[in-house]
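Enquirer: mind folding the following:
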Amino acid sequence: MEMLQYALRKFVTGIPLILGVTLISFLLMVYFGPDKTYDLIGKNATPEQIAEIRHQLGYDRPFVTRYLEYLAELATLDFGYSDSTGERVSSILKRTIPISLALILPGFILGNLLGIALALAAAWHRGRWLDKLIMGGSVVGMSVSFLIVIIAFQILFSSNYGLGWFPVRGWNVYDFGDYLRYVTVPTLATVFVALGYNTRFYRAVLVEEMGRDYVRTARAFGTPPAELLFKYVLKNALIPIITRIMFSIPFVVISGALLIESYFGIPGVGLVTYDAITTGDQPVLKAVVGLTAVLFVLVLILNDILYKVVDPRVSLK
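Expert: This is a model prediction of the structure:
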């Protein structure tokens, strides 16, 4: 009950954030977004025809009225119809979001778990050859562009110039075997890049924790390394680790999916967003931006609740 009440209070305090993000994005789309008038009637239309089309598109209504309608759409999850396909935006999101989650989650989970494992090994062997090897690999992963990694992995694992084990493009998934074939290369690329950033951050956190007095005392009394690392060091370092994981979720879901899906031709929300940007499909863009802002607030709430779960000393007030 306490966590539920806190979540409700936190969501209410997060409403200004949602309003701010949606206001700025809506302002940019209204004043700097594409004008669909001449796409619908051509350039030789009469003033009466232009006025009629602008009225149908809602361009002649006050900004405040249009923005309030946008907030109503966000509250009801009814964003109208796509300008490009004519399909309901809610139906598009319902179809594409599960595909994006199925595509992104394996790489996101593996990237964080492997990053924590490598960081533990590097922190325990700080300054030794293993630590230097892991950190050197992390620098390489951070230095290479995500797009370059995607192209390299696709050539290596999918093309006729490489191993040719996996599909080059598409998402024809009918069973678990098909899913593994299509998700493997994007997952490998995501993990390769994520490991660099994750390992360096987690190592810094764990090294700081291993400098505490209780760690030196435990090592002096002969506490086994596995027990010391997992039962004490990792547990006490979970707050910053959780913070990094949770705050990266909105960016991974949108930006990571956008790049991978647009390159591999996977019909998820990232590809839909990319197409909406290139075609100026405002209903889709408004839906993606608004739901991303809501997702960020929900992540903030869940982040604070997880603080309480891993550390009972944290108070939800």
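
Enquirer: helices and strands around the helix or strand containing K132, which ones?
Expert: Assigned by DSSP states H and E, K132 falls within helix 129-143. If contacts are counted by 3 or more CB pairs under 8 Å, 6 or more residues apart in numbering; DSSP states H and E, helix 129-143 sits against helix 89-124, helix 176-210. Glycine gets a C-beta too; all of them are placed from N, C-alpha and C.

Enquirer: and the angle for the longest one with helix 176-210?
Expert: This points to helix 89-124. 50 degrees (axes from the mean of the first three to the mean of the last three CA atoms, to 10 degrees).

Enquirer: distance between helix 89-124 and the chain's centre?
Expert: 8 Å (CA atoms, centre = their mean, to the nearest Å).

Enquirer: now do stretch 69-84
Expert: 22 Å.

Enquirer: same thing with stretch 296-311?
Expert: Per CA atoms, centre = their mean, the centroid offset for stretch 296-311 relative to its chain is 17 Å.

Enquirer: buried set for that stretch?
Expert: F296, V297, L298, V299, L300, I301, N303, D304, I305, L306, Y307 (16 or more other CB atoms under 10 Å).

Enquirer: can you list the helices and strands packed on helix 129-143 in TSV and add mean pLDDT, distance to S248 and mean neighbour count?
Expert: Shown next, in TSV, are these (pLDDT from 0 to 100; distance: least, CB to CB, whole Å; neighbours: other CB atoms under 10 Å):
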stretch	mean pLDDT	distance to S248	mean neighbour count
helix 89-124	86	8	19
helix 176-210	84	9	20
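
Enquirer: A226: which of those helices is closest?
Expert: helix 89-124 (9.7 Å; CB to CB).

Enquirer: what's that closest one packed up against?
Expert: helix 129-143, helix 176-210, helix 238-251, helix 257-264, helix 269-279, helix 282-310.

Enquirer: out of the ones you listed, flag the one nearest S25.
Expert: That would be helix 282-310 among the helices and strands packed on helix 89-124, by CB to CB, at 4.3 Å.

Enquirer: count of neighbours near S143?
Expert: Using other CB atoms under 10 Å, S143 has 9 other residues around it.

Enquirer: nearest to I24, out of the helices and strands packed on helix 89-124?
Expert: Here helix 282-310 is closest among those (CB to CB), at 9.2 Å.

Enquirer: that closest one vs helix 238-251, what angle?
Expert: 170 degrees.

Enquirer: any low-confidence regions in the stretch 1-150 of the chain?
Expert: 1-14, 30-45, 49-50, 53-58 (pLDDT under 70).

Enquirer: contacting residues around the residue most central in space within the chain?
Expert: Closest residue to the average C-alpha location of the chain: V252 at 2.1 Å, with CA atoms, centre = their mean. For V252, the contact set (CB atoms under 8 Å, 6 or more residues apart in numbering) comprises I104, F108.

Enquirer: okay, it: pLDDT?
Expert: We have a pLDDT of 70 for V252.

Enquirer: thinking again about what came up before, and of the buried residues of stretch 296-311, the nearest to M210?
Expert: Y307 (21.4 Å).

Enquirer: can you read off the pLDDT for that closest one?
Expert: pLDDT, Y307: 75.

Enquirer: please consider this matter closed, and thank you.
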